[in-house]
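1. got a predicted structure here, sequence first:
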4 protein chains.
Amino acid sequence: MNKNNFAVTPPMGWNSYDYYDTTVNEEQIRANARYMAEHLKEYGWEYIVVDIQWYAHDAGSRRERYQYIPFGRLEMDGYGRLQPDPARFPSSADNAGFRPLADYVHSLGCKFGIHIMRGIPRTAAQEHLPVWGSAVTADEIADPSSICGWNPDMYGVRNCPEGQAYYDSLLELYSEWGVDFIKCDDICNTNLYANNPYSARHEVEMLAKAIEKCGREIVLSLSPGPALIAQAWHYETFANMWRITDDFWDDWRLLKDMFHRCELWQSHVSKGCYPDCDMLPLGSLGKGFGRERLTNFTEQEQRTMMTLWCLFGSPLMIGAELTKLDAHTLELLTNREILAMLPPECKPRQLALDEDKAIWTAANSDSGEVYVALFNLRDEALEVALDLRKADIAVHAPWKELWTGEKRSAGETIITEKLPTHGCAVFRSRI
Amino acid sequence: MNKNNFAVTPPMGWNSYDYYDTTVNEEQIRANARYMAEHLKEYGWEYIVVDIQWYAHDAGSRRERYQYIPFGRLEMDGYGRLQPDPARFPSSADNAGFRPLADYVHSLGCKFGIHIMRGIPRTAAQEHLPVWGSAVTADEIADPSSICGWNPDMYGVRNCPEGQAYYDSLLELYSEWGVDFIKCDDICNTNLYANNPYSARHEVEMLAKAIEKCGREIVLSLSPGPALIAQAWHYETFANMWRITDDFWDDWRLLKDMFHRCELWQSHVSKGCYPDCDMLPLGSLGKGFGRERLTNFTEQEQRTMMTLWCLFGSPLMIGAELTKLDAHTLELLTNREILAMLPPECKPRQLALDEDKAIWTAANSDSGEVYVALFNLRDEALEVALDLRKADIAVHAPWKELWTGEKRSAGETIITEKLPTHGCAVFRSRI
Amino acid sequence: MNKNNFAVTPPMGWNSYDYYDTTVNEEQIRANARYMAEHLKEYGWEYIVVDIQWYAHDAGSRRERYQYIPFGRLEMDGYGRLQPDPARFPSSADNAGFRPLADYVHSLGCKFGIHIMRGIPRTAAQEHLPVWGSAVTADEIADPSSICGWNPDMYGVRNCPEGQAYYDSLLELYSEWGVDFIKCDDICNTNLYANNPYSARHEVEMLAKAIEKCGREIVLSLSPGPALIAQAWHYETFANMWRITDDFWDDWRLLKDMFHRCELWQSHVSKGCYPDCDMLPLGSLGKGFGRERLTNFTEQEQRTMMTLWCLFGSPLMIGAELTKLDAHTLELLTNREILAMLPPECKPRQLALDEDKAIWTAANSDSGEVYVALFNLRDEALEVALDLRKADIAVHAPWKELWTGEKRSAGETIITEKLPTHGCAVFRSRI
Amino acid sequence: MNKNNFAVTPPMGWNSYDYYDTTVNEEQIRANARYMAEHLKEYGWEYIVVDIQWYAHDAGSRRERYQYIPFGRLEMDGYGRLQPDPARFPSSADNAGFRPLADYVHSLGCKFGIHIMRGIPRTAAQEHLPVWGSAVTADEIADPSSICGWNPDMYGVRNCPEGQAYYDSLLELYSEWGVDFIKCDDICNTNLYANNPYSARHEVEMLAKAIEKCGREIVLSLSPGPALIAQAWHYETFANMWRITDDFWDDWRLLKDMFHRCELWQSHVSKGCYPDCDMLPLGSLGKGFGRERLTNFTEQEQRTMMTLWCLFGSPLMIGAELTKLDAHTLELLTNREILAMLPPECKPRQLALDEDKAIWTAANSDSGEVYVALFNLRDEALEVALDLRKADIAVHAPWKELWTGEKRSAGETIITEKLPTHGCAVFRSRI
């Protein structure tokens, strides 16, 4: 089993975080899965991911003070493995775990993913619970100095065979449940440890080994960002995707900054290996955070985001509550010509980046398709132009702008477009 | 009550760490206290300090793997306040705590001190124990993101009235026990937090307030070092002493380096405020660490250390097992003329420091005594000289070297001495 | 000669920078000196300091592009020693240097100071000029890798006997001129060298030695700040004053920040050793910078500044063009009761500092006078109070507020004052 | 003209630095060129590069004190453009510059390269020399704050049209001379500026533009390293090669460390874009440094170096004096099967790296050839093995080890080799 063979294009799906924070329940997951199956699946969207603290009783109940209630009650089996909170996930009763929910998602033709925090529950260590498949107890493998700076649930796991046994026991469970995707948190950048922000490097390897051992094709996604460029080889070797930013929200400054991050990571996109620009904060957002709203992104900014994420080859995870999706957003997410830039065969390359503009190109070695994208980063309209000869781009087919359908002649030597504030244009042709 | 009024000279005493590590027991404490009362007390030595993990069951029993056994059993009352391990401290039975042992130490005319880790036991938070004097439970005041990087016992306490209540409850207990000295650890430099190494600043203030409230004159000592020079005012305002180095051991490189630290802190020694050069690793050391030995310091280095600590005005804590003290070391520790430099009225001032040598002077504004100390930092003999006129030092009495008794005329304009490797000379006169 | 014996109180004077930038000329210096002699001298103000680039032809003539014209013509003797620009300083003709101007200032009973950049002119190195008193040429002692990040005139001098000869030749010249004060720049913090910001440490020592050799009592002032607290001993040993901030201007944020810097340096004020809060940007400012204006400080802020500078014991250098001084500013600068806090016998001590307020005290060991200053750091009125018992302050005379003359009883246990935005009150009593 | 079209494989050549330091002369260059033409050219070696300070009179004459004599005499034309020192390069007389020498090198079928320091000579700025093709003088474009930390010759050039004119004038000259390769120094990492080590970013762009304008296909090589991974896109866009280490010498620790640097840069090798592992310190070295010697690398280390450089795709520049080359070294440099890994079509990929070993693979998309290299990083013999299935490597031809010729069956699932200290094996097969 090779992890590069089971995520041959950037994963596309939906994640509960941006709308529900820690509060999502089974019925909501099912509703979003149904929406995906009906409206989005045919365009490639398939993953339904239950984000953080599905195992926490009372999650979200003290939101004015805590995002994550410290020392709260976590649903856990006798081997220190977290289980879904039965109050929110009724089908998990009788030790069924996420199996029934995963089955339901699978029955819709979708895939099922979960969020986990790296490590072992603090409670398991405190209570000296046995580690499945080993002769030791949790206190022996939990590293009391290895914690998450923002979530109180876990201790990091020591780099030893018994620690591997714990991760193996997790993946055996997840495999039984039918999990297809794991978003592991506090692992890509353990920023509490400012002098050693990849302090959980060994846990990445343990997770990768555990996935391989369990035999199920489970995509491994690492959070939070920013990933460390000096560790690029390690991420590529052991994971399928890794976050290149801290949490991304509907704020132009974050979107503008993403161009710099894409510049940094553009050479590291390949089959099974995806630098991750984070979720798409579109549509309805923020209910679990106590401020439900429609995205703050303008329509131009939304196009700019979709264009960059697709051209770059980032995984795509919708943050919106799907059942509330409006027609405009649905259209944005189902533009087949834009989504066609996503596969890693379509290699992205930045041509220019400054305070005013970004220019990218991409070329699909299989199809011969060539793309040129112009982005206006200013807070006013701007004409952006590319001299195709200088960029060594020669094509034989006419150019088509993918958001408007506008055509340009194949012989064009300079592509110019007057772009609205924060807007973009993306042209496609063929060599 | 003003903390500067109850440690008017740098505290002098004995501490269990250098010999016993985490393993010291009641009988050993008593034996050392008796030795102090008989042989050292008359020279000013008075504190008997029980160092780290007196509350830990099985402390030291897995030394090949752990200095501090993680998630081990800690003796604790129902309010999350640690108690002496009754197996090692039998007199603490029946909730007596350290009261009987403190009484014994007091009966010898000595003072009693304990080591604590900042914060509240992790177990107390996990178990939601009530906080004495407040309406909340430990999980509400424990900060799950605030830990010690090297000891697994505690969580930091949040900066809130209920957190203050916890520290108040501790000091109420210690006051009842008869504690005279608290060495609080993981607080002077919380180096796990590389970007915020004084992250427990508020806990220093809470401790100071709790001492004031309890009404007992308890010296507050902060560890570990290096203290942060940018926080000097804060240490001086709230504590009596603070470590200016990481753990100091019997290694010449550490002793040589101390000259730089004394340079840095020399303006910050005053009544009730003592930058702390750490324990004196003399005599028998290291048993609890599994390598009992006599100090690695040469006799010259021992003199250099005693001279620097006294002239600078550092607290003096003996690391040696006192019952094994040899005549030489006892003599070293009871040189009244050297110890006379200790009080803060005797102001230290560095005159020179380079790779080869250090030269210090000190002047006692009360007695009119003036000191000049010459130190050889090289690994071979060296003549060190001071031009007294350039240093603006004028005296009317003859000079006397305090280790040898050698005399020099008051009219001397240059003080010169051929010093052996790592050796020193210290001259006293009077204006 | 001991440098601590000739600046027994913090130097007080006037400096041409804040008003003239690089453009000041002889007539303007004379006019300001006359004003000082007539109106300020009796209050202790005495230094008249010619600031940067008095040696530069065309200084200030291309101000829209350069503060310091690179590779411009500098007036220099045959030994690489800079001379006054004769166009601006006519009395310097015929190799008279600053002698005539110094004589004039002395004739008024004032003292004369100059600004210098550390090092040797780049032109001298390029032209291989001989170094007076040595057998070498300038290229041998100029360090081509040691430059100033913001002024293009000089190279640093190498640490060698011939380098010392150059500094000796400078001081011999300055001594002949009658210089009483040298403000040496690019030396206290050589911040171009981010990893070694005290890279000119040896040049500080060379300057100190050269002053000692020349035999004239010349105050040595080091710029720019922020001085490095870890080098406090070195500054104290070799200089009379050193800047604890970057350039200070009439901006409340800078003034508020000064409280933190004073906290840091409060233990380092002593006879001949003065941490320097930088010039007083009062009255008319900025003409040479192309934006002549009255100070932006409110009257309350001006009082706050004067109170802090005096209580702390900073040198006082007026930035205003003196001939334009209004009555209010003159009064501010000649408040004898405020200025009485300046001498180092009056030891400052911070009692509190937070976002809202600062509280300081000072005690004059000679006179028995005690001061308490309350500062409002908020952007609105605030009542600030001090519990005198907690601060261990007991007095026998009534308190007098020094700006208003208001009295309080000696028995007062709490001193409270409602302070306007950014305002202060300073009370004096006696033990 | 596109810079990626004229260095379609990593440049291979000889550079004068490792043997001659600053002292090389025309006859020596000619002799090395002749050797290359006769013995190496047929294997792809073609560049003859004159390294640093060919313009400096007296270069190397004060080597006991200076590598680069500060403020020494540099041969320069009236426009601030450096010229060859006529004493060392007689053919440059009468303003011929490097034209005659370049002609000679070209006549042998080789290419001619020179080293330059970024910027404009300090002397040109001091003397206000005119800038060719502009209305300004050198003092207007020289940035007096932009220097090299280790070489005293130049100032950086400001980012303005007149600065571009200066670089244009340089390239016009070099183009006339027939230069094919420029190694520009103090530009890839300007480490004097610790907070801004890519401070000459604009000068990279100016050089690239000047090359494009001059119309000659001149390879642009940037030094020194380490290049900044965060600037990878910029290097790739404007240069042909950039140093990924500081100076590389014949020291195993540096060679071992190169594996980490190759890990970091492996995704950044492509046509016209070459991360540069620096010169090959083989054969006779060090004469100009005053310690002529044969390389300190063992034969195993030499193979390891050649294997890594070629597999990775680094430029290859021989450091040895060619006329003294022994048979062993010549053989090492002319192994066609090893050199065949060099082109960018042969994509390298690290499979493993730890303290003991490194394992790499490479695949040539044009030829179908596959390589596997095993490296022993320990100081003793070690067996290194690769499971080909885990690495997803399937081949149809037998494996051949390229240094020994040893064969292995195509069906092999694990490639194992017992490697001597610091040794390697590299196997080739075909898909």
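-> Yep, it's here.
2. alpha carbons only for contacts and neighbour counts from here, please
-> OK.
3. which residue does chain A have closest to chain C?
-> Nearest to chain C in chain A, going by Cα to the nearest Cα, is residue A:195, at a distance of 18.0 Å.
4. list the contacts for the residue nearest in space to the middle of chain A?
-> Geometric centre of chain A, nearest residue: residue A:278, 4.8 Å, by Cα atoms, centre = their mean. The neighbours of residue A:278, taking Cα atoms under 8 Å, 6 or more residues apart in numbering or on different chains as the test, are A:243-245, A:247-248, A:315-317.
5. can you give me the distance of it to chain B?
-> Distance from residue A:278 to chain B, counting by Cα to the nearest Cα, to the nearest Å: 25 Å.
6. cool, residue A:325 as well?
-> In this view, residue A:325 and chain B are 38 Å apart by Cα to the nearest Cα.
7. tell me the helix or strand right after the longest helix along chain A.
-> With secondary structure taken from DSSP state H, chain A has its longest helix at helix A:161-177. Going down the chain from helix A:161-177, the next helix or strand is strand A:181-185, by DSSP states H and E.
8. partners of that following strand in the sheet?
-> With DSSP bridges as the test, strand A:181-185 is paired with strand A:111-117 (parallel), strand A:219-222 (parallel).
9. what is the burial count for the closest residue to residue A:394 other than its chain neighbours?
-> Sequence neighbours aside, residue A:431 is the residue nearest to residue A:394 in space, at 6.5 Å (criterion: Cα to Cα, 6 or more residues apart in numbering or on different chains). Neighbourhood size, residue A:431 [other Cα atoms under 10 Å in any protein chain shown]: 15.
10. need the pLDDT of residue A:431.
-> You'll see residue A:431 listed with a pLDDT of 89.
11. gap between it and residue A:365?
-> 10 Å (Cα to Cα, to the nearest Å).
12. go on, residue A:375?
-> 24 Å.
13. for the stretch 101-250 of chain A, what are the low-confidence residue spans?
-> For the stretch 101-250 of chain A, no stretch has pLDDT under 70.
14. pretty sure residue A:366 sits against residue A:345.
-> Yes. The criterion here is Cα atoms under 8 Å, and residue A:366 meets it with residue A:345 at 6.6 Å.
15. of the two, which one has the most company?
-> Remark: of residue A:366 and residue A:345, residue A:345 carries more neighbours, 19 against 8, as counted by other Cα under 10 Å.
16. and the closest residue to the more buried one other than its chain neighbours, how many neighbours?
-> Excluding the flanking residues, the one nearest residue A:345 by Cα to Cα, 6+ apart is residue A:364, at 5.3 Å. The number of residues packed around residue A:364, counting by other Cα under 10 Å, is 20.
17. returning to what we had before: can you name every helix or strand that the longest helix of chain A contacts?
-> In terms of contacts (3 or more Cα pairs under 8 Å, 6 or more residues apart in numbering or on different chains; DSSP states H and E), helix A:161-177 is packed against helix A:99-107, helix A:201-214.
18. interface residues of chain A facing chain D?
-> With Cα under 8 Å from any Cα of the partner chain as the criterion, chain A meets chain D at residues A:1-2, A:229-233, A:263-264, A:267-268, A:390, A:392.
19. what about the residues you listed, which one has the most neighbours?
-> Going by other Cα under 10 Å, residue A:263 tops the residues of chain A next to chain D with 23 neighbours.
20. which residue packs closest to residue A:304, ignoring adjacent ones?
-> residue A:424 is the one closest to residue A:304 (Cα to Cα, 6+ apart), at 5.5 Å.
21. list the contacts of the one you found.
-> For residue A:424, the contact set (Cα under 8 Å, 6+ apart) comprises A:300, A:303-304, A:307, A:373-376.
22. do that again at 10 Å, thanks
-> The contact partners of residue A:424, by Cα atoms under 10 Å, 6 or more residues apart in numbering or on different chains, come to A:300-305, A:307-308, A:357-359, A:373-377, A:384, A:403, A:417-418.
23. going through those, which ones are buried?
-> A:300-305, A:307-308, A:357-359, A:373-377, A:384, A:403, A:417 (16 or more other Cα atoms under 10 Å in any protein chain shown).
24. narrow the residues you listed to those in strands?
-> Within these, residues falling in strands by DSSP state E are A:357-359, A:373-376, A:384, A:417.
25. pipe these into a markdown table and attach pLDDT and distance to residue B:111 per row.
-> Shown next, in a markdown table, are those (pLDDT from 0 to 100; distance: Cα to Cα, whole Å):
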| residue | pLDDT | distance to residue B:111 |
| --- | --- | --- |
| A:357 | 98 | 72 |
| A:358 | 98 | 71 |
| A:359 | 98 | 74 |
| A:373 | 98 | 77 |
| A:374 | 98 | 77 |
| A:375 | 98 | 74 |
| A:376 | 98 | 73 |
| A:384 | 98 | 79 |
| A:417 | 96 | 83 |
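26. not counting its neighbours along the chain, what's nearest residue A:391?
-> Spatially, and ignoring its direct neighbours in sequence, residue A:391 is nearest to residue A:351 (7.4 Å; Cα to Cα, 6+ apart).
27. in a strand, the one you found, correct?
-> Yes. Per DSSP: H, G, I helix; E, B strand; the rest coil, residue A:351 lies within a strand segment.
28. my read is that it contacts residue A:359, right?
-> Yes. At 5.3 Å, residue A:351 and residue A:359 qualify as touching, with contact defined as Cα atoms under 10 Å.
29. any common contacting residues for the two?
-> In contact with both residue A:351 and residue A:359: A:372-374, A:386, using Cα under 10 Å, 6+ apart.
30. buried sites along the helix or strand containing residue A:338?
-> Using DSSP H and E, residue A:338 sits in helix A:336-339. Neighbour-count burial for helix A:336-339, counted by 16+ other Cα under 10 Å, picks out A:338-339.
31. roughly how far is it from the heart of the chain?
-> 19 Å (Cα atoms, centre = their mean, to the nearest Å).
32. likewise for stretch A:325-332?
-> Using Cα atoms, centre = their mean, the offset of stretch A:325-332 from its chain centre is 20 Å.
33. ok, now which ones touch the residue in the stretch 151-300 of chain A that chain B sits nearest to?
-> Chain B sits closest to residue A:152 of the stretch 151-300 of chain A, with a gap of 5.6 Å, by Cα to the nearest Cα. Neighbour list for residue A:152: A:68-72, A:117, A:121-122, B:143-145 [criterion: Cα under 10 Å, 6+ apart].
34. surely residue A:326 is in contact with residue A:283?
-> Yes. Using Cα under 10 Å, residue A:326 is in contact with residue A:283, at 7.3 Å.
35. neighbour count winner among those two?
-> For residue A:326 and residue A:283, the more surrounded residue by other Cα under 10 Å is residue A:283, and the numbers stand at 22 against 11.
36. touching, the more buried one and residue A:249? I think so.
-> No. Shown here, residue A:283 and residue A:249 do not form a contact pair, counting by Cα under 10 Å, at 12.0 Å.
37. between those two, which contacts overlap?
-> Residues touching both residue A:283 and residue A:249 (Cα under 10 Å, 6+ apart): A:295-297, A:319.
38. burial of residue A:27, as a residue count?
-> Residue A:27 has 13 neighbours, counted by other Cα under 10 Å.
39. next up, phi/psi of it, please.
-> With angles defined as degrees, to the nearest 10, residue A:27 sits at phi -60, psi -40.
40. wait, it sits on residue A:90?
-> Yes. If you go by Cα under 10 Å, residue A:27 and residue A:90 touch, sitting 9.3 Å apart.
41. so the closest residue to residue A:235 other than its chain neighbours bridges to which residues?
-> Nearest-residue entry for residue A:235: residue A:242, 7.0 Å, with adjacent residues in sequence omitted and distances by Cα to Cα, 6+ apart. Residues in a beta bridge with residue A:242, per DSSP bridges, are residue A:222, residue A:275.
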